[in-house]
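Colleague: using only what follows, build the 3D model:
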Amino acid sequence: MTRRAARQQPRCPCGLQETYDNCCGRFHRGESAAPTADALMRSRYTAFVKLERDYLLRTWHPRTRPGSLDLDTGMRWTGLEILDTSDGSAFHGAGTVTFRASFKGGSLHERSRFERVDGAWVYVDGEFLG
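Modeller: Next up, the predicted model:
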């Protein structure tokens, strides 16, 4: 793909400057795993935007993963803001990401916990913040 063609494609919903295909899309397609808790958080937000139910379940910790997941097709996510991260790098086994996910009509403010399972980052749970 030429640089010009890449510029014409929309940015990834996660807020980074890459296109979806080069950013979170590669994680959703299973081409690679998110290397950090922050990258997993971004890819999971994007999975909600793109209604990637299988990816969300696959990246959920086995002990907290729901049996099924119903996504609201009417939900319109409008942006992600990463507010803070703690640990969650290639050198850690756990980490947290505090974020604000905006949607038409409001926002969700959460501190999410992530852990590594068999070397891959997974979402454990989250604490809703004010």
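Colleague: list the contacts for residue 103?
Modeller: With contact taken as CB atoms under 8 Å, 6 or more residues apart in numbering, residue 103 is in contact with 75-78. For glycine as for every other residue, the C-beta is placed from the backbone atoms N, C-alpha and C.
Colleague: and the pLDDT at it?
Modeller: What the model reports as pLDDT for residue 103 is 96.
Colleague: which residues touch the nearest residue to it once chain neighbours are set aside?
Modeller: Of all residues not flanking residue 103 in the chain, residue 77 sits nearest, at 5.0 Å (CB to CB, 6 or more residues apart in numbering). Residue 77 is in contact with 13, 45, 48-49, 101-103, counting by CB under 8 Å, 6+ apart.
Colleague: what does the lengthiest helix in the chain contact?
Modeller: Counting by DSSP state H, the longest helix found in the chain is helix 37-50. Residues outside helix 37-50 that contact it (CB under 8 Å, 6+ apart) are 12-16, 20, 23-24, 27-28, 34, 52-53, 55-56, 59, 71, 75, 77, 80, 82, 85, 87-89, 92, 95-97, 99, 101, 112, 114, 121-123.
Colleague: likewise stretch 53-62?
Modeller: For stretch 53-62, the external contacting residues (CB under 8 Å, 6+ apart) are 27-28, 34, 40, 43-44, 47-48, 65-66, 69, 71, 115, 117, 120-125.
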